[in-house]
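>>> I need the structure of the sequence given here:
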Amino acid sequence: MLRKSFGFTLIELLVTVTIIGILAAIAVPAYTKMLERNRLKGAAESLFNDLQLARTEAIKRNQDVDLTFSAVGPTTTWAYGLRTGATCDPALAVTAANACKLAVDDVLKVTRSTDYPGVSLQVTFAAATAPVALPRAEFEPRQGLADVSGSAYLVLGADELRVIVSTLGRVKICTQTGMPGYQPCS
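Residues are numbered from 1 along each chain as shown. As a prediction, this is how the structure comes out:
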C-alpha cells in the first residue's frame, strides 16, 4: 500500500522556479524604465515647484526673486538655485558672495543634478549680465510676472519633459515624447 506523500516533487519545484525566472526577466526592464521615468518626473516636478516658489516668494517678500541655472546645456551636470534681488551661481558654496542664498523656512533652495542621476538639462532662458552671466528666470514682486519667457528641457533616455515659464509668470510642464501623465507640448 502506497502512502500519500506531502510536499513538492523536484519537477514541480523546477517548473515553479523557471516560471518565476521568466516573469522576473520580463519585469526587470519594465521596472528599470519605470524608475527612470520617475526620476525624470521628479526632476521636472521639482523645477516646476521651485519656479512657483520663486514667483510666490517674490510677491511675499516684495523683491525680485531669481531662479538661476548653472549652465545652458544640454548637460547632466547642472544645478539651479534661488536668490532675491540678483542672479547667483548655484555651483558656489553658500559662503561665496554670489551664492544662491534664498532661505525658505530656513532651508537653502539649491537643486543639483546629483539629486536626479542621468537627467540631462537644457535651458532657453536668457542669461543675466551681472553679477553672474548665467541663464535665469526672474519674477517681479508686484504681480509675479517673469522678466522673460523660457523653457527647460529635461531628458532621460528616450523620455523628455519640458518646463515652460511665460512672461505672465505661468509655469507648466508638457511632454514632447508622449510621456504618460502630461499634456503634449504645443
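
>>> Now do the buried residues in stretch 45-59.
46-48, 50-55, 57-59 (16 or more other C-beta atoms under 10 Å). In this view, the C-beta of every residue, glycine as well, is placed from N, C-alpha and C.

>>> Spatially central residue for this protein, please.
Per C-alpha atoms, centre = their mean, the C-alpha nearest to the average position across the chain is that of Ala43, at 1.3 Å.

>>> give me every residue that touches that residue.
By C-beta atoms under 8 Å, 6 or more residues apart in numbering, the contact set of Ala43 is 115-116, 119, 121, 154, 156, 161.

>>> Restricted to buried residues, select those residues in ChimeraX.
Buried residues within the contacts of Ala43, by 16+ other C-beta under 10 Å, are selected in ChimeraX with:
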select :116,119,121,154,156,161
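
>>> Okay, and which of the contacts of Ala43 map to strands?
121, 154, 156, 161 (DSSP state E).

>>> The second one and Val123: what is the separation?
According to C-beta to C-beta, to the nearest Å, Leu154 and Val123 sit 10 Å apart.

>>> and Phe69, how many residues sit next to it?
24 (other C-beta atoms under 10 Å).

>>> How about the contacts made by it?
Listed by C-beta under 8 Å, 6+ apart, the contact set of Phe69 reads 78-80, 90, 121, 123, 125, 134-136, 152.

>>> Out of these, which one has the weakest pLDDT?
Lowest-confidence member of these: Leu134, scoring 76 (pLDDT).

>>> element containing the residue lying closest to that one once chain neighbours are set aside, please.
The spatial neighbour of Leu134 that comes closest, neighbours along the chain excluded (C-beta to C-beta, 6 or more residues apart in numbering), is Thr68 at 5.2 Å. Per DSSP states H and E: Thr68 is located in strand 65-69.

>>> All set, thanks.
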